[in-house]
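A.B. asks: Can you look at this prediction? I've put the sequence above it.
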Amino acid sequence: MSEDHRLSRPSDRDGAELIIKSNVECSSRFPGWVAPGLFLLGNKEGFLWLSEYLAWFASQVSEEHAFNDFDPDNHQHIDYVNAVNEQLSDNMGFMVGAFSSRHRSRVLEACTATPAQQKSGGPIQQLADYLDLIEKCCNSNDEIASQVASELTTLVERSSMLLNRLRREHGRRNR
């Protein structure tokens with residue numbers, strides 16, 4: 001799309017409300033029957049605003065643009081917009097990114113969107129995978145490391161209680 005055909009970024013829409021929630025889906029589609037997910041809840045005005053926003057974002061994609069190592073996907077943070085209800089949304093980032101045909105493979109690699117880097121398994125397996133990313137954040141910041149240590153202590157305690165309950169109620173076969 002040429003520069004002349006780009007859409008204008010949509011302005012806020014009165015009454016627009018979007019709520020971003022993490023969830024766990026239970027289905028035989030997934031190995032282990034459970035998979036983490038994202039639930040986007042909203043009213044009509046919220047989804048109309050989001051559709052306008054995504055149309056604007058798509059209009060920014062250009063085959064002519066040079067590859068940008070610092071922002072390869074030209075990502076935008078949806079969780080920062082006024083339509084998102086921060087009081088009801090879970091504390092999580094929500095971004096959109098884009099790629100042109102010309103830069104597709106470079107953007108996918110830079111954004112870890114490759115088969116080798118795909119997150120798979122249930123929530124517990126994915127949590128284990130996220131621990132590597134969390135550890136990297138802790139290595140460079142003592143404040144983050146202290147907060148993570150506290151939260152991991154709570155996680156280990158709750159996990160131990162859940163494991164003990166599951167073993168009592170469902171047998172010891174998964175030890």
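C.D. replies: Ah, there it is.
A.B. asks: And stretch 94-109, end to end?
C.D. replies: Chord length of stretch 94-109, first to last residue, is 19 Å (C-alpha to C-alpha, to the nearest Å).
A.B. asks: List of residues touching that stretch?
C.D. replies: 20, 38, 54, 57-58, 60-63, 65, 67, 72-79, 84, 111, 113-114 (C-beta atoms under 8 Å, 6 or more residues apart in numbering). The way it works is simple: take the backbone N, C-alpha and C, and place the C-beta from them, glycine included.
A.B. asks: out of those, which are buried?
C.D. replies: Among the contacts of stretch 94-109, those buried by neighbour count (16 or more other C-beta atoms under 10 Å) are 20, 57, 72-74, 76, 78, 84.
A.B. asks: quick one, longest helix in this structure?
C.D. replies: Criterion DSSP state H: the longest helix present in the chain is helix 142-170.
A.B. asks: So which other helices or strands are in contact with it?
C.D. replies: Packing partners of helix 142-170 (3 or more C-beta pairs under 8 Å, 6 or more residues apart in numbering; DSSP states H and E): helix 123-139.
A.B. asks: and the angle from the helix it packs on to helix 142-170?
C.D. replies: For the pair helix 123-139 and helix 142-170, the angle between their directions (axes from the mean of the first three to the mean of the last three C-alpha atoms, to 10 degrees) equals 160 degrees.
A.B. asks: Would you mark the buried spots in the lowest-mean-pLDDT helix or strand in the chain?
C.D. replies: One helix or strand of the chain scores below all others by mean pLDDT, DSSP states H and E: helix 123-139, with a mean of 81. Of the residues in helix 123-139, those with enough neighbours to count as buried (16+ other C-beta under 10 Å) are 123, 125, 138.
A.B. asks: before we move on, back to that, among the contacts of stretch 94-109, name the ones in strands.
C.D. replies: When DSSP state E is applied, the contacts of stretch 94-109 are split such that 20, 38, 76-77 fall in strands.
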